[in-house]
Structures are given as C-alpha cells and as structure tokens.
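Trainee: fold the following.
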Amino acid sequence: CDPEYYHWTQWAFIKMFNSYYCNDEKKALPIESLIEAFETVGTEGLNVACGEELSFTAAEWKAKSDKEKQEILLNYRIAYLGDTMVNWCSELGTVLANDEVVNGVSERGGFPVEQKMMRQWCLRVSAYAQRLLDGLDTIDWTDSLKETQRNWIGRSEGAEVNFKVKDSDLEFTIFTTRADTMFGVTFMVLAPESELVEKLTTPEQKQEVDAYLDRTKKRTERERIADRQVTGVFSGSYAINPFTGDAVPVWISDYVLAGYGTGAIMAVPAHDSRDYAFAKHFNLPIIPLIEGCDVSEESFDAKEGIVCNSPRPDVTPYCELSLNGLTVKEAIAATKKFVAEHKLGRVKINYRLRDAIFSRQRYWGEPFPVYYDADGISMGYNPETYMDDDMEDLHVYDLLKEDLKRYTSGMTDQDRLRIIAHWDDEKLRVNEERLEPILHHGKDVGVLGKLLSRRSSSEADALDEPDAVDQYVRGCLLLDAPSDETQMVE
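Mentor: Reported below is the predicted structural model:
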C-alpha cells in the first residue's frame, strides 16, 4: 500500500479512463474529442475501438440524458466497466485467477469456485492488437518467440453472419474464418455463459439445460479448453441458415467460450475436428464440402481443394450464391462479398487477445480513483488535481488510524453510523465535505463506514505497526466505494 506507488498507477488509470482509441490515428485520444464528434456528426464516419457497434445522430446524442451519455462513453473508454466471466469463490469473497483454482476448488482453503458473470473494470487492450503485431517486426527477438506472440494475439480475418431464430424475432451473430463452409452448417452451439442460453431454452428443455449449466460453471476456461470430452445439451430452439434456409438445432456446450468471438458458433462438422466429435457423439448430420474428401472417420480441416455441395445438387437453391467449382480461397472471398452486399452480416478482423480484467479483489489489490454519482454513473478525476500530494491534509487521516481496528466485515451500516456519531459536528462536517466528492454517494453510510466496510477483522488486527497502519489508511483513502459486492471483486 505504498502511496507513491498508488499515485502513479492511479494516474495511469485515469488517463485510460479519459481516453478512447482511434483506429485511424492508431493511438489513444482524449475522450473530449469523441464527445465533440458525437455532438457534431454522431457516430457517422467514426473508426474507433469499442465494445459494441453503435449508431446515432448528433441530434440523438444531444437528446440523451447525462446517464445515457456516460453509459455510451463506457463503450469507448480504454478503461471501462464491462460484464465478464470470472472464477468466483463465495467463501473467500473474491475472484480467483485460473492458477488459483484446482479441480473446481480454490487452491487456498479448498472452497468451491464457480464461473460467474460479474461487473468488472477492464482495460481495452484489444484495441492495440494490430499495433502489437506490427511492432513484432521492429524488435530483435527470435522467430520462435515472435510466432508465439502472434499466436497469442491471434489475428483472424473472417465474417460475422446473422442467424435468425426459427419462429421468433430473435437473431444472433457468429464469427467465422471459414465463410466458404456456410452450406455445411448442421447445428449451432452457444457458450454456457451466453445471454442467449436463457432466451433460447424452451420450457421443455429448461430442467436439462439448468443441470448442464450447474455442472459447467464449476470448471475454469483452462480446464474446458484442455478437456476433449464431448458434453452438451439441446436448447430446444432452431436457427435458420441464411444460405440454405434449413432449420438447424441450437445446442449448448462448454467447448465454446463466451470470451472469444460472439460466444456462439456455426458448426460445420465435416471441416472442424471439435464439431466433428460433437456431431458423432450426438448423431448430427455431417455434410462434406470439398470434392473427394473422406469424412467417414475424421474431419477434413485443410483449407484447400475444390468446393462442392454449396448448394447441394439435390436441393432447390435458397439463395443466388453458388460456390461449387471454386477453390477454398475463392469461395471465402465470394462468400464474404455476398454477406456484405446482402446485409447478412459484415466482414471483420477478430483477435484472440482479450481485454484485461483490472478490477481490484475484495481484500487486496489496486484501489480505483473512481466515484459514483447519485445516478450510479462512474466518474473519474482530473489526473493532475484529484489527489492531494500531502495526504495528511485530509482530516480523516488521523481519525481512520484511531478507529481502524473497530471495523470488521461483519458490522452493519447501523453499527458504523453509531461509531461515526461519536465524532463531533466539526469533524463530521469537514470529513464529509473533503471526501464525499471522491466516494460513492451512499444513502445512509458515513464516509468512514464506506471506506472500511469491506475490510476484514483479521486484516485490521494484523496492522499493529504504526507504519503499516499509515500505509494501509493511505490506501483506504483512495478506494472507490460501490456498495454492490459484484463491483468489489476482480
């Protein structure tokens, strides 16, 4: 909890919070310039990194409330709040890294761990993926190390294609690098964490799906990637293949991850080994799309050969596109062009590199220089002025040292208020006025309670040395303080 260390890490965080990434400039720019663009032309012509493609005019932007504007800006900020899957251990009250989970339990204590969607502070490092790739050509590293980095960043050129759900107004998007295989899609697969699972699960399948989800959430992503065992459950819904018109079943399986692509895939078992294993296990159709390939024992994954069955000769064509007789490379280009021209989706470059989770853990980690206003909007500070150089100027500093050991994680808000009530009116007024601008605006909990409400008694009891208490309190002063537990963990 060295204040000098926190000073610069939090300065960097605010810089990122107040910036967005411009793809044309290939660098971060002040968020104010993005706001100015929204006020002038809306999203028209913007080429910026974002979580979701949004479209609105300048007039629509100006008509939005302050809360709506701030929520939109989070879609572009380099440091932003996002929902992501984490390893959640309720007994420890914190999020764990993959390395801290062994066979579904925490390495420390052996407590159950589950996959859970939680609100997290993230860094949009994916915006820098292409710069990282380009930079590899400028450094003196071995070819093998550079190739490892390229695979880690994982650049993929492909297409996003929209699939409509049968007998529903819903549709969802998949990303594929093999656009040439659209005519061979025989089923779809959703990641268990996908928000589509709840929407597409029929009442008849709900019990079976819920049981599968309960088993899956006990496994980390690393375990799911390493395990080649085939598991899955049918959602009860069907999607319409936009190239064949066929209704294909939508399954749920843990071999699909929510964090890569869209969390949903089109399955082409003839030309993907994991799709092939899944189709064989659940007796699903397998349609070969390359002349002469044998898929009786395994999938044909090579991206070469002459395309066939696209469409099949025994069916009436559903769309005007035919890939038969083309090479795989020619078929990929023709399909991407067709997708874009007929507004079935869009051509896209995807990266395996994910945004980094930056949230602090419950009892340790990086405090944030962020507060929440009365509407719950996260607000950052001016990095040049938000932090006092002389922390002792804050009157609450000495009071925190005096009362630190009185607070435990088991105290109620009323307990904290009773202790704060012992402060005289002047102390209460000064401390509230000085610290309230950088804290969550709670309704009933005083400043000291908000600062220390999540500190454990064991942690406080360990702070016997004066220097340790000083450093600890200095760190407490800089806490962000959302009361919702889901915003307190990494």
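Trainee: going forward, measure contacts between C-alpha atoms and count neighbours the same way
Mentor: Will do.
Trainee: for this protein, give me the ranges with low pLDDT.
Mentor: 1-7, 260-261, 359-368, 371-374, 376, 378-490 (pLDDT under 70).
Trainee: one more pass at 80, please.
Mentor: 1-10, 90-95, 218, 220-223, 225-227, 258-261, 358-490 (pLDDT under 80).
Trainee: hmm, L257 and V189 touching each other?
Mentor: No: using C-alpha atoms under 8 Å, V189 makes no contact with L257, being 10.1 Å away.
Trainee: might you report the residue contacts of G236?
Mentor: Applying C-alpha atoms under 8 Å, 6 or more residues apart in numbering to G236 gives the contacts 200-202, 204-205, 249-251.
Trainee: again, only using 7 Å
Mentor: Contact analysis of G236 by C-alpha atoms under 7 Å, 6 or more residues apart in numbering lists 201-202, 205.
Trainee: just the buried ones from those?
Mentor: Neighbour-count burial (16 or more other C-alpha atoms under 10 Å) is assigned, among these, to T201.
Trainee: helix/strand/coil for the most centrally placed residue in the chain?
Mentor: Centroid-nearest residue in the chain: T84, 3.9 Å away (criterion: C-alpha atoms, centre = their mean). Reduced to three states with DSSP: H, G, I helix; E, B strand; the rest coil, the structure at T84 is strand.
Trainee: for R354, see how far away it is.
Mentor: From T84 across to R354, the span is 11 Å (C-alpha to C-alpha, to the nearest Å).
Trainee: list the buried residues for the host helix or strand of Q120?
Mentor: When elements are assigned from DSSP states H and E, Q120 belongs to strand 114-123. Residues of strand 114-123 classed as buried by neighbour count (16+ other C-alpha under 10 Å): 114-123.
Trainee: reformat those residues as a markdown table; add distance to V233.
Mentor: Converted to a markdown table, those look like this (distance: C-alpha to C-alpha, whole Å):
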| residue | distance to V233 |
| --- | --- |
| E114 | 19 |
| Q115 | 18 |
| K116 | 20 |
| M117 | 21 |
| M118 | 24 |
| R119 | 27 |
| Q120 | 29 |
| W121 | 32 |
| C122 | 32 |
| L123 | 34 |
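Trainee: for the residues you listed, which one is nearest F13?
Mentor: The closest of those to F13 turns out to be L123 (C-alpha to C-alpha; 9.1 Å).
Trainee: for the spatially closest residue to the closest one that is not a sequence neighbour, give me its contacts.
Mentor: Nearest non-adjacent residue to L123, counting by C-alpha to C-alpha, 6 or more residues apart in numbering: A79, 4.6 Å away. Residues near A79 by C-alpha under 7 Å, 6+ apart: 16-17, 121-124.
Trainee: and these, which is closest to E52?
Mentor: R124 (12.4 Å).
Trainee: count residues in the vicinity of the closest one, would you?
Mentor: 24 (other C-alpha atoms under 10 Å).
Trainee: I'd assumed I78 was in contact with it.
Mentor: Yes: here R124 reaches I78: they are 4.8 Å apart, a contact under C-alpha atoms under 7 Å.
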